[in-house]
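> What shape does this take:
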Amino acid sequence: MPEKPIAEAMIERIRAFHGHMCPGLAIGIRAAEVALREIGPHSKDEEVVAVVETDMCGVDAIQFLTGCTFGKGNLIHLDYGKSAFTFYRRSDGKALRVVAKPGGAGPPDPEWQELRGRAGRGSLTAEEQERFQVLHEARCRRILATPLEQLFEVTEPQMKMPQPARIMDSVPCEECGELTMETRTRRFRGKTLCIPCFEKLEHR
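Numbers count the residues shown, from 1 in each chain. The predicted structure follows:
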């Protein structure tokens, strides 16, 4: 299937949804582009499943473009800190893992890296902040324009397709009284507890 770049108007909608444009969001846009090309269009209910190995900005783009969400149970987060995204199509089992290549968007920019570090500490002058934004936008544009095969390694995933989301009953925690998904409760000294209450009582 030929590449069909994400339209500029759609990118602006993703930017508005996320709150800003950044290289991480741009990576997510391009990863979702691979999913749309290989797996298919916007997910109807749970037809498409995304497993993301990071909580970086790019996950918002994947959520926006593929229709995979935490609420539907077809967006699953694995806290590995990797720019790696796996997509599954339930109807026929097609699956692929999309991993950002080191240096895929070009060589590192020492000036941008130095300014980014100082921006995080809030130590940029107004002039430096303006320069940082120029470099930041340029890096985003480079990611959005780089061929997908240069940005990503695409392989078959080793992990099996996740099970469909299930609706679970909730029960009140016997300590705080708040409703808690039954499968997330813990038993302690004869009581059914939510996880925060369990951890609090366990460490007394």
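> Contact partners for the closest residue in space to Glu47 that isn't next to it in sequence?
Excluding the flanking residues, the one nearest Glu47 by CB to CB, 6 or more residues apart in numbering is Arg90, at 5.5 Å. Bear in mind the C-beta positions are built from the backbone N, C-alpha and C, glycine included. Contacts for Arg90 (CB atoms under 8 Å, 6 or more residues apart in numbering) come out as Glu46, Glu47, Val48, Val49, Met161, Pro164.
> How about His77?
By CB under 8 Å, 6+ apart, His77 lies in contact with Val51, Val52, Asp55, Val59, Phe70.
> Apply 10 Å and report the result again.
The neighbourhood of His77, defined by CB atoms under 10 Å, 6 or more residues apart in numbering, consists of Ala50, Val51, Val52, Glu53, Thr54, Asp55, Val59, Phe70.
> So which of these belong to strands?
Within the contacts of His77, residues falling in strands by DSSP state E are Ala50, Val51, Val52.
> Where does the closest residue to the first one other than its chain neighbours fall, secondary structure wise?
It stands for Ala50. Spatial nearest neighbour of Ala50, excluding adjacent residues (CB to CB, 6+ apart): Cys68 at 4.0 Å. Under DSSP states H and E, no helix or strand contains Cys68.
> got the buried residues for stretch 188-201?
Under the neighbour-count criterion of 16 or more other CB atoms under 10 Å, stretch 188-201 has Thr192, Leu193, Cys194, Cys197, Phe198 buried.
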